[in-house]
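1. Sequence plus predicted model, see below.
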Amino acid sequence: MPKAIFEFTQHRNSYSVFVKNLESLTVTQIQEIELFVKQRKGIFNFQNYTFSIQKRVEFFEFYSLIQHLELDVVCIENIIEQVQSQRISFGQYKGMSYAELPDTYLIWLKNNYRGTDQENVLKEVEKRNL
């Protein structure tokens, strides 16, 4: 039975994890991952094999949690450059940079927003691999 391979990416107010080998995992392993995400009120996107959780966590904290829960996975850290992001010009997050937006709001914008800032939304979604 192969181990799940988690690629951890820290964002400003959240983190996301790409499950590199999701297709080769057993149903039981996938259910364990789903439970882990659900208990932390996260979102699992099966289209791109990624889950995101709205909590600021460092890689070593995430790795310690995985070890403590005795999940049989390999963890890799994906370090991204923090580039100054455009600022959002509307809604409840007006004035914040796109890099500071919660993953859930970005996903909502991706699916629902059709305004002039749509390109910025799509860039941030792609950067976070959501």
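-> Nice, I can see it.

2. And the helices in the protein, which stretches?
-> 27-39, 59-68, 103-112, 118-128 (DSSP state H).

3. Return the set of buried residues in the second one.
-> It stands for helix 59-68. Phe59, Phe62, Tyr63, Ile66 (16 or more other Cβ atoms under 10 Å). Backbone N, C-alpha and C define where each C-beta goes, glycine included.

4. Tell me the one among those residues nearest to Ile80.
-> Phe59 (12.1 Å; Cβ to Cβ).

5. List the contacts of that closest one.
-> Listed by Cβ atoms under 8 Å, 6 or more residues apart in numbering, the contact set of Phe59 reads Phe8, Gln10, Cys75, Glu77.

6. so what pLDDT did it get?
-> The model reports Phe59 with a pLDDT of 94.

7. Give me the below-cutoff pLDDT ranges for the chain.
-> Within the chain, the stretches with pLDDT under 70 are 81-85.

8. mind giving me the domain split of it?
-> Domain segmentation of the chain under automatic domain parsing yields 4-78, 83-130.
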